[in-house]
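Asks: got a sequence here, can you build the structure:
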Amino acid sequence: MAKVYQRTVNDPETNDVIVIDVDVAEVEETMALVYKRKIRPYLENIIKWRTDGKGISTICKILDVSPGLFFKYRKEYPEFRKAFEMGTDLLADSLETALFREAVGYDYYEETLSKAGDVVAVKKVARPSISASKFALTNIRPKNWKNKVDTVQTTKLSGANIEALEQLSVDDLKGLIELKKKEDIVVKEIE
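Replies: Predicted structure coming up:
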């Protein structure tokens, strides 16, 4: 016996509620045919489109499929998922290379006209980018190059604070001092 589910829709002309029986096997068969026609022939293109930086919404428009269907196909068809992931990996590799070049600087050639009117290639130097270097280092070595500085606020010692400190053991106080040394904590004095 075929699996059937009922779907209700509103008739736009009469605004009546209509109940439609939907055959699950028929829907799955139709979706498989759509995949075979709209996705599978373009797997190599999907890798290239993704490598070129095209996002999911752009790829959906090119393939003429909805984002929901795109995600469903990506989940159900390993070859599609692998093609998309391969394109994403190639895009990430390309971005890493570009970030590295920007961080360390590079040489390039620019065509210009000489005084004699000839086109000549002139060597130029792109200086290293501090922001690209910092971005790369915060991701490669986050412990040494973190952007966030932990802050602890303290107040001037009053009678209540002194009493609280007096209740701490010597080991507790040493532990607090060690914690302050280990963590990159900036202590702010507050008036």
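
Asks: sec struct for the closest residue to Gly105 other than its chain neighbours, please.
Replies: Using Cβ to Cβ, 6 or more residues apart in numbering and skipping the chain neighbours, the partner closest in space to Gly105 is Pro128 (4.0 Å). C-beta: built from backbone N, CA, C; applies to glycine. Three-state call for Pro128 (DSSP: H, G, I helix; E, B strand; the rest coil): coil.

Asks: repeat that for Lys123.
Replies: Under three-state DSSP, Lys123 comes out as strand.

Asks: quickly list what Gln6 is bridged to.
Replies: Note on Gln6: beta-bridge partners by DSSP bridges are Asp21.

Asks: and it, how far is that from Val19?
Replies: 5 Å (Cβ to Cβ, to the nearest Å).

Asks: try Ile177
Replies: Ile177 is 73 Å from Val19, by Cβ to Cβ.

Asks: and what of Phe80?
Replies: Distance, Phe80 to Val19, using Cβ to Cβ: 34 Å.

Asks: the more surrounded of the two?
Replies: Phe80 (19 against 8; other Cβ atoms under 10 Å).

Asks: my guess is that one contacts Ile39. True?
Replies: Yes - using Cβ atoms under 8 Å, Phe80 makes contact with Ile39 at a distance of 5.8 Å.

Asks: mind listing the shared neighbours of the two?
Replies: Ile46, Tyr73 (Cβ atoms under 8 Å, 6 or more residues apart in numbering).

Asks: residues near the residue nearest to Gly105, how many?
Replies: Neighbours of Pro128 (other Cβ under 10 Å): 13.

Asks: list the contacts for it?
Replies: Contacts of Pro128 (Cβ under 8 Å, 6+ apart): Glu102, Ala103, Val104, Gly105.

Asks: show me what counts as buried in the helix or strand containing the second one.
Replies: Looking back up the chat, that one is Ala103. Ala103 belongs to helix 78-104 when elements are defined using DSSP states H and E. Neighbour-count burial for helix 78-104, counted by 16 or more other Cβ atoms under 10 Å, picks out Phe80, Ala83, Phe84, Met86, Gly87, Leu91, Leu99, Glu102, Ala103.
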